[in-house]
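Visitor: Attaching a predicted model along with its sequence, questions to come.
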Amino acid sequence: MAQANNTSCSPSLQLAKQLALKAGEALRVNASEWRDAVALPDRDIKVKGDKFAEKLIISGLKDGSDYPIFSEESGWADASDDNRKIIWVVDPLDGTFNYSRGFPSCCTSIALVREGKPILGVIYDFSRDELFWAEEGFGAWLNGKEIKVSSVGFPNESALMTGFPVNRNFSTEALTRTALELGRWKKVRMIGSAALSLAQVACGRADAYHEESIMFWDVAAGLALVEAAGGRVEMSAVNTEAPRTVWATNSSLKL
């Protein structure tokens, strides 16, 4: 199993790694019970594992840190409006539908964000035992090996990671615009997890990521990974709770 211990880690990163691993292992071990659906809102799904994994992570963050927490399932925890300069952003189970079907593209995701910018990110792909982590100024890593973005320069030579999040516009006009964009790329991949999609860009398996109307908890840790791995990110400026449009690429792509 991937290890959290690393003497070069800051206390915040060490804590995030430990909790991502703990929650991910719990999701893996308890999958037969935790994948049961508890709600089916519109295009989304909620399973037992969402809440159980979130409880593990939030409890650990409260015990080990004083920063406010913003999580997908519970929203804000112990955060006043004037105490949000540095916050934790948590997605306890990204790729919930995949998890519910036993499809191995799901993960735990924890980010530390300073004034809207992710400065630390941990993503644990518990199906493949791949622990991605990054911290501003310390690079990006996968299971102890440093990772870098690719150097592919043009979309028609590149792989794009994308998806259709629940909040996006599904009108004919919007989908037509999306289809035209996808046609510019050599390959397009949709794996049902924004966090893992960004991790693929960070380690050079893919070259770019783009989604419209994606939530911050889905992408915060992955954006920290891409930037620390040498990539470039662009994100519409909205508040923490609102959907946003995100681009993340290697630094060579000419869009």
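Guide: All right, it came through fine.
Visitor: residues in contact with the residue sitting nearest the centre point of the chain?
Guide: Geometric centre of the chain, nearest residue: residue 195, 2.6 Å, by C-alpha atoms, centre = their mean. Neighbour list for residue 195: 91, 94-95, 107, 109, 123, 218-219, 221-222 [criterion: C-beta atoms under 8 Å, 6 or more residues apart in numbering]. All C-beta atoms are positioned from the backbone trio N, CA, C, and that covers glycine.
Visitor: same deal with residue 140?
Guide: Counting by C-beta under 8 Å, 6+ apart, residue 140 touches 132-134, 146-148, 202-203, 225-226, 228-229.
Visitor: Tell me the pLDDT of it.
Guide: According to the prediction, residue 140 has pLDDT 98.
Visitor: With residue 55 as the reference, measure out to it.
Guide: The gap separating residue 140 from residue 55 is 28 Å, by C-beta to C-beta, to the nearest Å.
Visitor: about what we covered before: ok, the contacts of residue 140 vs residue 249, which is closest?
Guide: Proximity of the contacts of residue 140 to residue 249 (C-beta to C-beta) peaks at residue 226, which lies at 8.0 Å.
Visitor: Please work out how many residues are found near the closest one.
Guide: Neighbour count of residue 226, defined by other C-beta atoms under 10 Å: 29.
Visitor: Check whether it really touches residue 246, as I assumed.
Guide: No - counting by C-beta atoms under 8 Å, residue 226 stays clear of residue 246, with 10.0 Å between them.
Visitor: Can you work out which residues contact both of those two?
Guide: Counting by C-beta under 8 Å, 6+ apart, the contacts common to residue 226 and residue 246 are 209, 233.
Visitor: per-domain residue ranges of this protein.
Guide: Domain assignment for the chain, taken from automatic domain parsing, gives 11-147, 155-249.
Visitor: could you redo these as CSV and give each row distance to residue 4?
Guide: As requested, these are exported to CSV (distance: least, C-beta to C-beta, whole Å):
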stretch, distance to residue 4
domain 11-147, 4
domain 155-249, 15
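Visitor: Quick one: closest of those domains to residue 3.
Guide: Within those, the stretch nearest residue 3 is domain 11-147; the backing value is 7.4 Å (C-beta to C-beta).
Visitor: Give me the distance between the residue lying closest to residue 193 once chain neighbours are set aside and residue 47.
Guide: Setting aside the residues directly before and after it, residue 193 is nearest to residue 95 in space (C-beta to C-beta, 6 or more residues apart in numbering), at 3.5 Å. Distance, residue 95 to residue 47, by C-beta to C-beta: 11 Å.
Visitor: In the stretch 51-200 of the chain, where is pLDDT below threshold?
Guide: The stretch 51-200 of the chain contains residues with pLDDT under 70 at 78-82.
Visitor: Just the helices from it, written as ranges.
Guide: For the stretch 51-200 of the chain, the helices defined by DSSP state H, counting those that start in this stretch cover 96-101, 172-182, 194-202.
Visitor: Between those, which one is closest to residue 38.
Guide: In terms of C-beta to C-beta, the element of the helices of the stretch 51-200 of the chain nearest to residue 38 is helix 96-101, at 10.4 Å.
Visitor: for that closest one, packing partners?
Guide: With contacts defined as 3 or more C-beta pairs under 8 Å, 6 or more residues apart in numbering; DSSP states H and E, helix 96-101 has these neighbours: strand 46-47, helix 48-64.
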